[in-house]
Every structure is written in structure tokens, then in C-alpha cells.
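Chemist: Everything below, folded, please.
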Amino acid sequence: MNTNRSRFAVALVAALTIFMFAPIVSGVSAVSTSSSVLVMYPNYNDAFIDSRQLKVNEPPVVVNGAVYVPLKFVAEMLGFPVRWDEAAKRVELDTPGIRIEFDLANRQIYFNQVSSPFDNMALIQNETLMVKLSWVKDYMGADYFYEPERNRITIVYVKRPDAVYSDKIENSRPVAKFTFEKPSYRIGEPVKYVDLSYDPDAEGIVKYEWTGNEPAFFKPGTYPVTLRVTDAKGQVSEPYTRYITIENDIYMTEFEYPLYFGEPGTFIPADWGLLWSKFMNLPEVRKNAVYGTGRKLLVSDSPELITEKGILYRDVVNGKARLYSHHVNEMVQKIQFVIMATNRTNKPVTVRTTNKGEVYPSNYAHLIGHQASVDFMLGDPIDETVVVPAGRSIVYKQMPDFYPGQGMNAFYDVETDGEIEFSFVAMDPVATPTSLDAFRPLDYVANVRGTFDAADVRWDIDVSNITQPSRLIIGDGESDPFVAGYDPLRREKVTNVGNYGVMYRIHALHPRKMAILILPRGGAFKGPFKINGNFVMVPPSGVMDAFTGVQLLARTTGKEPSLTIEFTPPAGSAFPIDLIFYPLGDKE
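Modeler: Residues are numbered from 1 along each chain as shown. So this is what the prediction gives:
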């Protein structure tokens, strides 16, 4: 071990120990502080105070083995006032308990007005007062270490706290202090901050205020990082600043960093050109698609804009079905939205509801689709049953307050033990819905309306060995075909453009280490995903526009036995969207 460094470490610990365990005079509460480290170089103008680089007008010199430093620069860096007394032609230095005066004309030094020869302790160089460091350091309460082989002088000073007088309490200010795990980092390399803060009164630090503590830096240079802490009594520390050096060597780019270290939900902004070049020509993940045929899907989304009262859509269910509706009241009056259940058979039929997602009328188009999808994907266990008498119609669901300009969205998974005709109806708000005889079917206008054989689709994919970013496309009608169906009101075949109401389950065995991203391509998007059972909102707030960036949905470690992604296209959002599987390496 280097003995010089050992002596320096011992001296520093000793200085800190003397300060931290000094007795407190009754009635006086010491205000704690942190140490300062000043580094200088003989015959060079560079200096560093707590890693902050400075320039000194006159550098230190070594004369006959003794180190001399510029008094004004060193004293002021360590917090001691230096003044010039024009009348007396003296330089004055105030240190704890002692005023030192340098009489330059008569070459005398006065210690509390007691004189001593000037030449033993100081010299003038290029009109700068230089003092012998081994002498003045004792008056400043500092320690120093001179390394001739490195041409470096290190001065360590633990500032004595100012006294705070009180008749009732004795309380010291906490000390803010930290360091970095290593002296320099590469571009995009995660920075580890090591907290060294403490409170001499052991009350505990309750608040940390950082400035500049970026998790990583993406341009080379030197950056200040500052910490201030508050203890449980409300005492606030002095700010403590260190400087971090970022080398001109790329560890990872600003785009790559959140792929490795971002939390799920992190938005990664990027311009259209970067996204297009990076993702639009990616290979597609191979998938095996299985469409569920055990549950019908009834979609009522036309006329999406309700301009008159009447039957929006209707069809017969016998067994399992999903009822999906999305409408906006474009009338100038309030209406009510009702789903009627009609039993045209000669025996009672039971309707059982096993899952639902509903949002009552709202003015926020993207919110209603998003929230209804969240509600449905929660899958909260429900078991609601209603019996429809033979030859009768009853209200299955009712939204009585549907105001002009508002939209609604609702899903219901139902099971019947006989034939039930479900009708989606816009009617007068004061009407008592007992019969549909007074309502006529409304004309198809646009969007989606019909009954589709598949309410669910499962994609089995293999992402265990992908070596480059790959994508799954949802909602384009080609890579992801739209589900076909039939509209009995129009008596024609139809397509569920957007696959609204369809629940996707994407499953992969042994996924490799990778990031999973979403890129909206068709327009504004807002909707939930479930990744291995955990919700991720896209975006966490507001909406995500097309080609403005990607959002991190999840990250796999390469050790998971499987990966499951659940999703249903939210009403009000535009398609297609891409799910991007981005392989991650092992960074060192």
C-alpha cells in the first residue's frame, strides 16, 4: 500500500472525527457542514475545488521542499475572508479565533497583533502573496497532502459549523454528501450515485433535493451534480456539488437507454424519419393464428353518430356471445341507450353475464374506449343472471342519461340457454322500454355493424431466438385479417374493420431477453395492454400520436417460461399499430 496515501486517508478520517465528535457547548447548537477538497498543481494554473475546475492567477510553488500557495485564492475557496486594509497597507485573514495580518511593507506577520518574521512563512511572487501551506493550514483547520511524483497538492478542509444559539433546543444541520461509483462514465452508461449524507443529531434525513443527477448522460463533458438534504427537524444542509466526467465513448445511445433501463410505460420520443428507417422495414414475427368460434360478436357501431331514435342493431343469440356497442349522441336532445332482450320462444330463457366493460356517456372520445377496455380486461368475476319470460322483451342494460355530444362504449359477455334477440336502441329519455314495436331499424351509415363468428383470437409466436428487431402488426387488415361476419339488417356480408370488440391473446414460450415496444401508425391511440397479467397504459396519460415515438410495454430477461400479451382495440383509437420485439444484449 502507498504509505503517503495511507497517511492522507488517516489525516482525513482524523479531521472528520474531530469535527463530528467535538463536544457541544450547552445552549449552543452546532450547524454541521461538509468537507471541501481543493486540488492544485505546482507551476500550473489549473485547480479543482470539489471536482469543479478553476483557474488560479498564480500557481503554487515549491521552495526548498516547502509548498507555497496563493493566500487569497486558497482562503476564499475554503470559505475564509481575505481583505486588504488600504490605510494600514496590510492583508488580513480571519481564521477561527485568530486574525492574521500580513504587513507587506515591513515584512511582518501579526497574530492577534503579535508580530513574527514574514520570511519564515510567506513570500511575494508576481505581486501575489504566497503562504507556506504547512504553516497556514493549522490556522485554517485544514490538512494537506503533497505528492511530488504526481506534482499534486490536495487540501482537505472540514469547515467548522456556525453556532446557532437557542435556549430550548440543540440541533445541527444535516450534511449532504455523495460520490459516484467511479470517476468517469461513458455516453449512455448508467450513473450510480452513492449517498454519503448524514445527520449528526441522528434525527434522520427525510428529504433529498437533487439537481443534475441524470440517470445517464448522452454528450461528453463535465456536468455538475448538486445535493441538498433536510432532516426530520426541518434543518436544511448546505448544497454539496460534485462534477461528473462523461467520456467521448458510446456505451449506448439515448434511444437505446430506456430499452434497457426504462420502466414499463416509458415514452421514447423520436422523429418520423428515425422511426420509419428503424422500424418500418422490420421482419414480421411468424405467428399461428387461431380464431375462437365458440362466442359470437355483435357489434353496434353504425350509425355511430345517432341523429334519430330507433334500433341501431339487433341479432339473435343462442349460447355464448359478446355484445359490443359504441355510439355518440349527435341529437340536440338527451336520449337513453338501451339494450333490449327479447324472447320470441314459448319458454323462459336465462341470460347470464360473465364479464363486462362499460363506460357511461362522456364527452371524451378516447377516454371512453380506453376505460371500457380496461374495465373489460380486468375480468372481475361477475355472475349476473336475468330470466326473459316467453314472448316478452325486457331491459338488459340501460344508460338513461345520454346527453348531446356524449359518447358511450360497452362490452358484455353473455351466455343464454335459448334464443334471445338483443337490440341496441336509442330512445326518448322518458320512455318506458317494454316493447320494440314503436321503433324501426336505422340505416347503416359507416363504421362497423354486424355479427361475427370470432370474438377472440390467439396468436402463438416464437421470439425465443430472434436476432434483430421484429414486429407484429395489429389492425391493418392484411397481416392481421379483419374478422368476417353478417349484418342481418342489411342482409349482407360485412367485415369488422379494426376488429373492435375482439380480444387478442398473444402467447410466446421462452421469450429471449428483449424490450417490447408499441408504435402507433394509424393516428391517435389510447388503450390498455396486459403483459403477463399486469396492466400497461398506452400512454400513461393523454393520447399517443402516430410516429411521434415508441412506448416501452415490457422487458423480458430471457428466463421467463412464457410471455402473454392481452389486448382489445379501444374505440376511438386509430390503427394499425405495431408491437416491436427488440432483442437486448448483455451490456458490460
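
Chemist: Quick one: the helices in this protein, in order.
Modeler: Taking DSSP state H, the helices of the chain run over residues 3-20, 71-77, 133-140, 257-261, 272-279, 365-378.

Chemist: Ile335 bridge partners, please.
Modeler: With beta bridges defined as DSSP bridges, Ile335 has these partners: Phe402.

Chemist: Surely it touches Met427?
Modeler: Yes - because the distance of 6.5 Å satisfies Cβ atoms under 8 Å, Ile335 is recorded as touching Met427. In short, each C-beta sits where N, CA and C put it, glycine included.

Chemist: so what sits against both of those two?
Modeler: Common contact partners of Ile335 and Met427 (Cβ atoms under 8 Å, 6 or more residues apart in numbering): Lys309.

Chemist: So which of these two has more stuff around it?
Modeler: The residue with more neighbours, out of Ile335 and Met427 and counting by other Cβ atoms under 10 Å, is Ile335; that gives 25 against 22.

Chemist: which residues does that one contact?
Modeler: The contact partners of Ile335, taken as Cβ under 8 Å, 6+ apart, are 306, 309, 329, 402, 426-429.

Chemist: do you know how far it is from Lys287?
Modeler: Distance of Ile335 to Lys287, computed by Cβ to Cβ, to the nearest Å: 42 Å.

Chemist: Then Val67?
Modeler: If you go by Cβ to Cβ, the gap between Val67 and Lys287 works out to 73 Å.

Chemist: Look at those two and report which has more neighbours.
Modeler: Set side by side, Val67 and Lys287 show more neighbours around Val67, with 21 against 17, by other Cβ under 10 Å.

Chemist: Stretch 465-476: which residues count as buried?
Modeler: When neighbours are counted by 16 or more other Cβ atoms under 10 Å, the buried residues of stretch 465-476 are found to be 466, 469-476.

Chemist: Looking at those, which one is closest to Gly391?
Modeler: Of all the buried residues of stretch 465-476, Gly391 sits closest to Gly475, with 41.9 Å by Cβ to Cβ.

Chemist: okay, now the domains of the protein?
Modeler: Each domain of the chain is listed here as a residue range: 36-158, 168-251, 258-288+457-480+501-583, 302-447, per automatic domain parsing.

Chemist: got those domains as JSON lines, with distance to Arg491 and mean pLDDT columns?
Modeler: Compiled in JSON lines, these are given as follows (distance: least, Cβ to Cβ, whole Å; pLDDT from 0 to 100):
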{"stretch": "domain 36-158", "distance to Arg491": "79", "mean pLDDT": "86"}
{"stretch": "domain 168-251", "distance to Arg491": "61", "mean pLDDT": "89"}
{"stretch": "domain 258-288+457-480+501-583", "distance to Arg491": "21", "mean pLDDT": "95"}
{"stretch": "domain 302-447", "distance to Arg491": "11", "mean pLDDT": "93"}
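
Chemist: mind checking which of those is nearest Glu492?
Modeler: For Glu492, the closest of those is domain 302-447, at 9.4 Å, according to Cβ to Cβ.

Chemist: Between the two ends of that closest one, how far is it?
Modeler: When the termini of domain 302-447 are compared using Cα to Cα, to the nearest Å, they are 6 Å apart.

Chemist: do stretch 81-101 as well
Modeler: For stretch 81-101, the first and last residues are 12 Å from each other (Cα to Cα).

Chemist: coming back round to it: show the buried residues in the contacts of Ile335.
Modeler: Among these, those buried by neighbour count (16+ other Cβ under 10 Å) are 306, 309, 329, 402, 426-427.

Chemist: Pick out the residue closest to the middle of the chain.
Modeler: In the chain, the C-alpha nearest the mean C-alpha coordinate belongs to Thr266, at 5.7 Å (Cα atoms, centre = their mean).

Chemist: mind listing what it touches?
Modeler: Counting by Cβ under 8 Å, 6+ apart, Thr266 has contacts 258, 551-552.

Chemist: want to throw the residues you listed into CSV with distance to Tyr504?
Modeler: Converted to CSV, the contacts of Thr266 look like this (distance: Cβ to Cβ, whole Å):
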residue, distance to Tyr504
Pro258, 25
Gln551, 17
Leu552, 19
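
Chemist: Closest to Thr293 out of those residues?
Modeler: Nearest to Thr293 out of the contacts of Thr266 is Gln551 (Cβ to Cβ; 33.0 Å).

Chemist: My guess is the closest one contacts Met544. True?
Modeler: Yes - counting by Cβ under 8 Å, Met544 is a contact partner of Gln551 at 6.5 Å.

Chemist: who touches both of those two?
Modeler: Common neighbours of Gln551 and Met544, counting by Cβ under 8 Å, 6+ apart, are 267, 518, 538.

Chemist: Might you report the residue contacts of the last one?
Modeler: In other words, Val538. Val538 neighbours (Cβ under 8 Å, 6+ apart): 518, 525-529, 544, 551, 553.

Chemist: Quickly list what it is bridged to.
Modeler: With DSSP bridges as the criterion, the beta-bridge partners of Val538 are Gly527.

Chemist: any idea how far it lies from Val156?
Modeler: In this view, Val538 and Val156 are 52 Å apart by Cβ to Cβ.

Chemist: Give the burial count for the residue lying closest to Ala454 once chain neighbours are set aside, as a bare number.
Modeler: Of all residues not flanking Ala454 in the chain, Tyr291 sits nearest, at 3.9 Å (Cβ to Cβ, 6 or more residues apart in numbering). For Tyr291, the neighbour count with other Cβ under 10 Å is 15.

Chemist: So Tyr291 sits against Trp459, correct?
Modeler: No - with contact defined as Cβ under 8 Å, Tyr291 does not count as touching Trp459 (10.2 Å).
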